[in-house]
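1. Quick one, what's the 3D model for this:
(chains A and B)
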There are 2 protein chains.
Amino acid sequence: MNAEFVNPFIGGLLNVLETMAQTTLTPGKPKKKSDDVAHGDVSGLIGMVGPNVKGSMSITFDEGLILSIMQNMLGEASSEIDAEVADMVGEITNMICGNAKRDLAEKGYEFGMATPVVVSGKQHSISHQVDGPKIILPFNHDLGKAYLEICFDK
Amino acid sequence: MNAEFVNPFIGGLLNVLETMAQTTLTPGKPKKKSDDVAHGDVSGLIGMVGPNVKGSMSITFDEGLILSIMQNMLGEASSEIDAEVADMVGEITNMICGNAKRDLAEKGYEFGMATPVVVSGKQHSISHQVDGPKIILPFNHDLGKAYLEICFDK
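-> A predicted model of the protein is given here:
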C-alpha cells in the first residue's frame, strides 16, 4: 500500500477536523509492524468493497480529544462518550472515507463504502483482520491521541 | 428487515459454533429499540456492500464464552483475549457473514463482504450507524452472553 493510497485518508481526517471542529492534529510516525495496535476510547470503523479490492478503515480517539471535537463541532459539551458523541464519530468516519473514495476514484481505484460502526469503551484495541499490509497512523494533540488505520487485502 | 434476511446470519452463528467449537447458544428475544446496544469484551465487525444495499454486522462475546470457544475450537487455552483469540473472532465473523452471503445470494440479494475488524476491551459497546432498521439478537450460554447485530441502510 503506497502513499498514493493512504494520503487521501490522512487528508480527509485533517481536513474534516480543521474545517468542522477547528482542531489541528499533528501526524506522527506511521507504524507497520503486525503487533502494533490502535488504542483509544471511541472508534469509528467502516468496510470498503470494490470489484478487485476489499478492506477496512478505523479512526480511534482518546476521550479528551473527542469531547473537545464534539464541543467545537456541535457547540455541545459532553462529559462522557455518549450516543451523541458516537453519532458524531460515525459521521466523521463517513466523511474521511468519503473523501478518500472520491480522490481514489479519480485515480482509477473504485470501492463502495459500508455503513460505519462506532465502538465505545475505555482503552479498547482494534485489530484489522487482513492478509495484506496494515498501516497505523498516529496523530498527536494536547488533549489526546488519535489513530487512523487503513487496511486492504492486497 | 424481515426474518428472511436475518435468519441466514443466525443460522451461520449457531452452525459455526456447534460444528467448530461444540458450543450451543440459546437464542434470546430480539431487541429493536434504537437505544438498545450490544455490550461485551470482544467483537468482530464486518461491512457489507451491494449494488443496492449497504450495511454492517457485528458479533460480540463475553470473555468467559469466547475463551471456552477458543479452547474447543483450537484446543488452546487462553487466559485472556489475546491476538490469537482476536484472529479466531475475525474468522468466526467471516464465516457467519459468508454463510449469510451465500444464502442471500440464492434469494437474489447480492453483496460483497469487506474485511473483518476485531475490537477487544472490557465491556465495550457497539453502535451501528444506519438510518434503516437495526436488530440485536442476544444469545445465552452458561459462560456468558453473545450479541449478533445486523443493520442495513434500507
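2. Please count neighbours and contacts with C-alpha atoms only from this point.
-> Noted.
3. Report the buried residues of stretch A:100-115.
-> A:100-101, A:103-104, A:110-115 (16 or more other Cα atoms under 10 Å in any protein chain shown).
4. Does that stretch reach chain B?
-> Yes - applying Cα under 8 Å from any Cα of the partner chain, one finds stretch A:100-115 touching chain B at A:112-115.
5. Restricted to strands, list these.
-> Using DSSP state E, the members of these that fall in strands are A:112-113.
6. Report the two of the residues of stretch A:100-115 next to chain B separated the most.
-> Spanning the widest gap among these are A:Gly112 and A:Thr115, at 9.9 Å by Cα to Cα.
7. And the most centrally placed residue in chain A, what's its pLDDT?
-> Centroid-nearest residue in chain A: A:Ile59, 2.4 Å away (criterion: Cα atoms, centre = their mean). Looking at A:Ile59, its pLDDT is 98.
8. Okay, now the unreliable bits of chain A?
-> For chain A, residues meeting the criterion pLDDT under 70 lie at A:1.
9. Check the offset of the helix or strand hosting A:Leu17 from the chain's centre.
-> Applying DSSP states H and E as the criterion places A:Leu17 in helix A:3-21. Computed by Cα atoms, centre = their mean, to the nearest Å, the chain-centroid distance of helix A:3-21 equals 9 Å.
10. Is A:Ile136 in a helix, a strand, or coil?
-> A:Ile136 falls in the strand class when you classify it by DSSP: H, G, I helix; E, B strand; the rest coil.
11. So what's the residue count around the nearest residue to A:Leu137 once chain neighbours are set aside?
-> Take A:Leu137 and drop its neighbours on the chain: the residue closest to it by Cα to Cα, 6 or more residues apart in numbering or on different chains is A:Pro30, 4.6 Å away. When neighbours are counted by other Cα atoms under 10 Å in any protein chain shown, A:Pro30 registers 14.
12. And the one 4 residues further on, by the same measure?
-> A:Ser34: 10 surrounding residues under other Cα under 10 Å.
13. For the nearest residue to it once chain neighbours are set aside, list the residues it contacts.
-> The shortest distance from A:Ser34 to any non-neighbouring residue, by Cα to Cα, 6+ apart, is to A:Lys134 (7.5 Å). The contact partners of A:Lys134, by Cα atoms under 8 Å, 6 or more residues apart in numbering or on different chains, come to A:32, A:34, A:128, A:149-152.
14. try A:Gln129
-> B:87, B:90, B:115-118.
15. and what of A:Leu17?
-> Counting by Cα under 8 Å, 6+ apart, A:Leu17 has contacts A:23-24, A:69.
16. quick one, strands of chain A?
-> According to DSSP E, the strands that chain A contains are A:26-27, A:38-49, A:54-61, A:112-113, A:117-128, A:134-140, A:146-152.
17. B:Val53 is nearest to which of those strands?
-> Ranked by Cα to Cα, the member of the strands of chain A that lies closest to B:Val53 is strand A:112-113, at 10.3 Å.
18. Can you name the residues of chain A sitting close to chain B?
-> Residues of chain A lying close to chain B (Cα under 8 Å from any Cα) are A:46-49, A:54-56, A:86-87, A:90, A:112-130, A:152-153.
19. so what's A:Val49 up against?
-> Counted by Cα under 8 Å, 6+ apart, A:Val49 has contacts A:55, A:111-114, B:48-49, B:112-114.
20. likewise A:Met73?
-> Counting by Cα under 8 Å, 6+ apart, A:Met73 touches A:20-22.
21. Check A:Thr23 too.
-> Per Cα under 8 Å, 6+ apart, neighbours of A:Thr23: A:17, A:69.
22. and the gap between it and A:Ser43?
-> Per Cα to Cα, to the nearest Å, A:Thr23 is found 18 Å from A:Ser43.
23. A:Lys54 contacts A:Phe152, correct?
-> Yes - look at A:Lys54 against A:Phe152 with Cα atoms under 8 Å: they come within range, at 5.7 Å.
24. what residues do these two have in common as contacts?
-> Joint contacts of A:Lys54 and A:Phe152 (Cα under 8 Å, 6+ apart) are B:Thr115.
25. Please report which of the contacts of A:Lys134 has the highest neighbour count.
-> A:His128 leads the contacts of A:Lys134 on contacts (other Cα under 10 Å) with 28 neighbours.
26. In this structure that residue contacts A:Cys151, no?
-> Yes - using Cα under 8 Å, A:His128 is in contact with A:Cys151, at 7.0 Å.
27. so what sits against both of those two?
-> A:56, A:134.
28. What is the nearest of the contacts of A:Leu17 to chain B?
-> Lowest distance from chain B to those (Cα to the nearest Cα) belongs to A:Ile69, with 18.8 Å.
29. contacting residues for that closest one?
-> Each residue near A:Ile69 by Cα under 8 Å, 6+ apart is listed here: A:17, A:21, A:23.
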